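[1] Give me a model of this one.
(2 chains)
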Amino acid sequence: MKLFSFILYDIKRLFGHGKTAILAVLAPIPVVLMFGLFLAPVLADGDGAFITGALCNDDESVLLKMMMNMVVDYEVDKGNAVIYPAADAEAGKRMVEEGKASVFLYIPADTYQKAISGERAAMKFYYAPPHAFDALTFQSGIKSSISVFGQSIRVISAAGEAAEARGLSGDKLGEVRDKAVTELISVYLHRGEIIGKNGVFLLGGDYHLRYALAILFAACAFFASFPVMYLTSIDKAGVLSKRSVPAQKTVYFFIARIVSGTVLILCTFAVMYPMARALRQVEMKNVLSVLPGMILTALTYSALAVLIGSLFRHGQSSLWAGLYFGAACFAGVTFLSDKAGLPAFVSFLMRISPVRASVSIFSNAMFNLMAERYAQDMLILAVSFVLFTAAGFFAYRKRGAGFFAYRKRGAAYE
Amino acid sequence: MLEANGLTKSYGQFKAIDDLSLTLQPGEGVALLGKNGSGKSTLLKMLAGILKPDAGEVKVDGLSGKAAREKIAYVPQDIVLFEELTVTENLYAWSSLKGQEKIDRAEYLIRALRMEDFRKKRIDRLSGGQRRRVNLAVALMGTYQYLMLDEPLAGIDEQGGECIAGLLKDEKEKGTAMIITEHNPTILLPLMDRSLRLDGGQFA
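    Numbering: from 1, shown residues only, chains lettered A, B, ... in the order given. Next up, the predicted model:
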């Protein structure tokens, strides 16, 4: 109860009687508007081959082969993708590892038959971590194609059976069925034109638009944590250093600050999500997957802000450090995350970066959930939260009036 | 009883406190006098466990470490408060930290230090003297038997000085021992049982 009460006071402090909170909520609006008015149209108009993929289809089904050929040819003709054939699964994986392809799709034998008969049909995707966004685009495009195509074929088959029962001849039936399938593929391939998209891979600049929107989302959350850095530095140099706060009570300060920081960052999300919905038709059903990502991101960024704030005795210094650190992280995610051939260390950093993970979560969860990647990113954020919290707690108490300070300054009693 | 033996503290080549020892009995009041830079604040911080001495030790009622430290309230010379909160909120927040029944103690301190008129004002909107009174009240929110006050009257007017003196008198009558540093001891000196003058890091 005492802790809860102290958390409420800390929220009040951090929110500056509402002023900081209002700023945190309103600040992203002009940024998002600028993005929506100027940057988004440029990104959305972009064209060119966005996806470099490899494909190995071991399914002998004629219809599936026909569909895959049509999808791939269409995308390649449009300049949206470059797709290389892979001789087998191993060759495809090698192409990904060597950076020749961003993503490799393997379609095992009988996939189509299983899908038609209602069994679980699993295709395999391989991608290099820096190409997670390409993988998502590719996977969701193919998955959607197969799903819609399979269901439609079942409808056509059912219609054909009904027509046969009413006496339609076999030749005529085959002719109508072929026409329907061709029509189906054509309609499917061009369905994106209705909403201004180009092809089946969520194509054109939309992919980049989503990515940019996710970066904006994460960046606004990070910048919303600046008051946490500032106040933490001030408290460390002031209250915690100059007053005799009971050692165990510094834990109250620490927990309260992480919680209040999380609340402040969530305030930013409260306005970002509706803005993202307005900009790029984010579906309401995705709230369920975005919300845990938002909460974990807010917790992680808050813990990171407390860590940064704890390292400096002056509020301004922590703000500068946060600005440079944040700028470096977001620049890295923006310009490096989809690059192949990075030095191993940089590649590793990109892989474990909580900033990349949060961007990836928003890009993934807001638009089209890829569960495996979502879980992986959530895990990275959870581990980062634990690490930042542990390191932050160490730094927080080191120069405060806690255990470490006591060891350092309070040895008069020992 | 608070016992300090052989306390020494240097800042670079400058020896602020040089092998000082003192004892403080329960309920006793000691005025620590001396010119600027004589080491009063340094000694007080070491006694309160805020600053580590280079040598020497402090024991409180035979205890050392955390248990000893919890028996002492320290009033810093600097104003150290939650600037964004009101006077009442500051007292309540500190009571949360110090595990105290907030309402009774806070209300008592607000009355005793005559802060009723500005209790709902934010700290950053108070005058220097008003802030000084809140600074003292926050330190007194905990439970303690020893009080270390570093220039509690700095920047305070006569009326404020009188109410602080009244409060400290009550505390002393309850058995709280205290050490006060003050440049102008006319208001608080009569409350003290003895005075010590620091000069060159040693008692003169």
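
[2] Determine the longest helix present in chain B.
    Looking across chain B with DSSP state H, the single longest helix is helix B:158-173.

[3] Check which residues of that one are buried.
    Within helix B:158-173, the residues scored as buried using 16 or more other CB atoms under 10 Å in any protein chain shown are B:160-161, B:163-165, B:167-168, B:171-172. For the C-beta atoms, the positions are set from N, CA and C on the backbone; glycine is no exception.

[4] and if you look at stretch A:96-106?
    A:96, A:101-106.

[5] about what we covered before: could I have the longest helix of chain B exported to PDB, CA atoms only?
    Below are the C-alpha coordinates for helix B:158-173, written out as PDB (Å, rounded to 0.1, in the frame of the first residue of the first chain):
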ATOM      1  CA  GLU B 158      11.900  35.900  12.700                       C
ATOM      2  CA  GLN B 159       8.500  34.300  12.800                       C
ATOM      3  CA  GLY B 160       9.700  31.200  11.000                       C
ATOM      4  CA  GLY B 161      12.700  31.000  13.300                       C
ATOM      5  CA  GLU B 162      10.500  31.100  16.300                       C
ATOM      6  CA  CYS B 163       8.200  28.300  15.100                       C
ATOM      7  CA  ILE B 164      11.200  26.200  14.300                       C
ATOM      8  CA  ALA B 165      12.700  26.900  17.700                       C
ATOM      9  CA  GLY B 166       9.400  25.900  19.300                       C
ATOM     10  CA  LEU B 167       9.300  22.700  17.400                       C
ATOM     11  CA  LEU B 168      12.900  21.700  18.300                       C
ATOM     12  CA  LYS B 169      12.200  22.500  21.900                       C
ATOM     13  CA  ASP B 170       9.300  20.100  21.900                       C
ATOM     14  CA  GLU B 171      11.500  17.500  20.200                       C
ATOM     15  CA  LYS B 172      14.200  17.900  22.800                       C
ATOM     16  CA  GLU B 173      11.700  17.600  25.600                       C
END
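
[6] what's that helix in contact with?
    Defining contact as CB atoms under 8 Å, 6 or more residues apart in numbering or on different chains, one finds that helix B:158-173 is touched by B:27, B:29, B:109, B:112-114, B:129-130, B:132-133, B:136, B:140, B:147, B:149, B:152-153, B:156, B:178, B:180, B:187-188, B:191.

[7] let's see it at 6 Å
    With CB atoms under 6 Å, 6 or more residues apart in numbering or on different chains as the test, helix B:158-173 has contacts from B:29, B:112-114, B:129, B:133, B:152-153, B:187-188, B:191.

[8] Could you list the buried residues of the least confident helix or strand in chain B by mean pLDDT?
    In chain B, no helix or strand scores lower on mean pLDDT, DSSP states H and E than helix B:66-69, which sits at a mean of 78. Within helix B:66-69, the residues scored as buried using 16+ other CB under 10 Å are B:68-69.

[9] how about it against chain A, any contact?
    Yes: counting by CB under 6 Å from any CB of the partner chain, chain A has neighbours in helix B:66-69: B:66, B:68.

[10] counting contacts, what elements does that helix pack onto?
    Here helix B:66-69 touches no other helix or strand, going by 3 or more CB pairs under 6 Å, 6 or more residues apart in numbering or on different chains; DSSP states H and E.

[11] Which strands border the next helix or strand after it, and is each parallel or antiparallel?
    Elements were assigned by DSSP states H and E; along the chain past helix B:66-69, the next helix or strand is strand B:72-75. Next to strand B:72-75 in the sheet, as set by DSSP bridges, lie strand B:146-150 (parallel).

[12] tell me how far the partner strand is from the chain's mean position?
    Distance of strand B:146-150 from its chain centroid, counting by CA atoms, centre = their mean, to the nearest Å, is 3 Å.

[13] quick one: that strand to helix B:158-173, angle?
    If you take axes from the mean of the first three to the mean of the last three CA atoms, to 10 degrees, strand B:146-150 sits at 160 degrees to helix B:158-173.

[14] Thanks a lot, catch you later.
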